[in-house]
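Visitor: have a look at this fold, sequence not included:
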């Protein structure tokens, strides 16, 4: 009977339940549990397994460039990083409020790491997250325009609870990139949260976007409900700390 039960569990793909059942048989624990306790144990293990696999899928789908966690952050006094603010952001209630997060600072100070850590925390809490390098994003969308898939790509971005736009401002935007950025920000305005990291101070983003009218529209939608973090100090890479 047990062999048949195991076979059917495999066929139904209830792998958490299967492992719990096999472990209970091997350890003899099955004999110590009542029927109700055994069923509850199997259901709990299956729920945990599905939950963990869902998080793993979310992490994979987000395509984070870095593996990061809040626990590994360096909250040095000279970095301009408010630990209380970061810990509040890590609760991800700002995503429920459709608020944004703007992280600026020179190369190597931990902008991308912080954004990735918040993003991965959001995944564990069940939010849909997408990590995008800005330069690669616009290149991809330009190719998508050529084959007619651009609308689908932008719609995919719109559906995310949180989108991370990393390395904004590395180079000024051309007309096509400005238009794409405006569409993304407009689609997400008050519908989802966006984290933007940049080496360029927020005050100079108008220059990056270049066209005054579009820049005003984009900045208005980004800034009015944004949490702003300006990181300072030397590059953490130079200090030998593992951070991106």
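Guide: Received it, and whenever you're ready, just let me know what you need. Here the structure is a predicted model, which is why all the values come from computation and not from measurement. Numbers count the residues shown, from 1 in each chain.
Visitor: can you give me the buried ones in stretch 146-156?
Guide: When neighbours are counted by 16 or more other CB atoms under 10 Å, the buried residues of stretch 146-156 are found to be 150, 153, 154. Any C-beta I mention is one placed from the backbone N, CA and C, and that applies to glycine too.
Visitor: out of the residues you listed, which is nearest to residue 213?
Guide: Distances from residue 213 to the buried residues of stretch 146-156, taken as CB to CB, are shortest for residue 154 (20.7 Å).
Visitor: could you point out the helix or strand that follows the host helix or strand of the closest one?
Guide: Using DSSP states H and E, residue 154 sits within helix 150-158. Under the assignment DSSP H and E, the closest C-terminal helix or strand after helix 150-158 is strand 162-168.
Visitor: re earlier: turn the buried residues of stretch 146-156 into TSV, including pLDDT.
Guide: As requested, the buried residues of stretch 146-156 are exported to TSV (pLDDT from 0 to 100):
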residue	pLDDT
150	92
153	94
154	93
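Visitor: which one of those residues is nearest residue 101?
Guide: Comparing the buried residues of stretch 146-156 against residue 101 with CB to CB picks out residue 154 as the nearest, at 20.9 Å.
Visitor: check contacts around that closest one.
Guide: Going by CB atoms under 8 Å, 6 or more residues apart in numbering, residue 154 touches 141, 180, 183, 184, 187.
Visitor: ok, how many other residues are close to the nearest residue to residue 134 once chain neighbours are set aside?
Guide: Setting aside the residues directly before and after it, residue 134 is nearest to residue 168 in space (CB to CB, 6 or more residues apart in numbering), at 4.8 Å. Applying other CB atoms under 10 Å, we find 22 residues neighbouring residue 168.
Visitor: strand 162-168 and the helix ranked longest in the chain, what's the angle between them?
Guide: Taking DSSP state H as the criterion, the chain has its longest helix at helix 35-62. For helix 35-62 against strand 162-168, the angle between stretch directions is 30 degrees (axes from the mean of the first three to the mean of the last three CA atoms, to 10 degrees).
Visitor: would you mark the buried spots in helix 35-62?
Guide: Result for helix 35-62 [16+ other CB under 10 Å]: buried residues 38, 41, 42, 45, 46, 49, 58, 59, 62.
Visitor: of those residues, closest to residue 123?
Guide: Out of the buried residues of helix 35-62, the member with the shortest distance to residue 123 (by CB to CB) is residue 58, at 4.2 Å.
Visitor: where's the closest one relative to residue 95, distance?
Guide: Applying CB to CB, to the nearest Å, the value for residue 58 to residue 95 is 13 Å.
Visitor: what is in contact with those two at once?
Guide: Shared contacts of residue 58 and residue 95, defined by CB under 8 Å, 6+ apart, comprise residue 127.
Visitor: pretty sure residue 105 sits against residue 232.
Guide: Yes - using CB atoms under 8 Å as the test, residue 105 is close enough to residue 232 to be in contact (6.4 Å).
Visitor: need the buried residues of helix 35-62 in JSON lines with distance to residue 126, can you?
Guide: As requested, the buried residues of helix 35-62 are arranged in JSON lines below (distance: CB to CB, whole Å):
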{"residue": "38", "distance to residue 126": "28"}
{"residue": "41", "distance to residue 126": "24"}
{"residue": "42", "distance to residue 126": "23"}
{"residue": "45", "distance to residue 126": "19"}
{"residue": "46", "distance to residue 126": "18"}
{"residue": "49", "distance to residue 126": "16"}
{"residue": "58", "distance to residue 126": "8"}
{"residue": "59", "distance to residue 126": "12"}
{"residue": "62", "distance to residue 126": "13"}
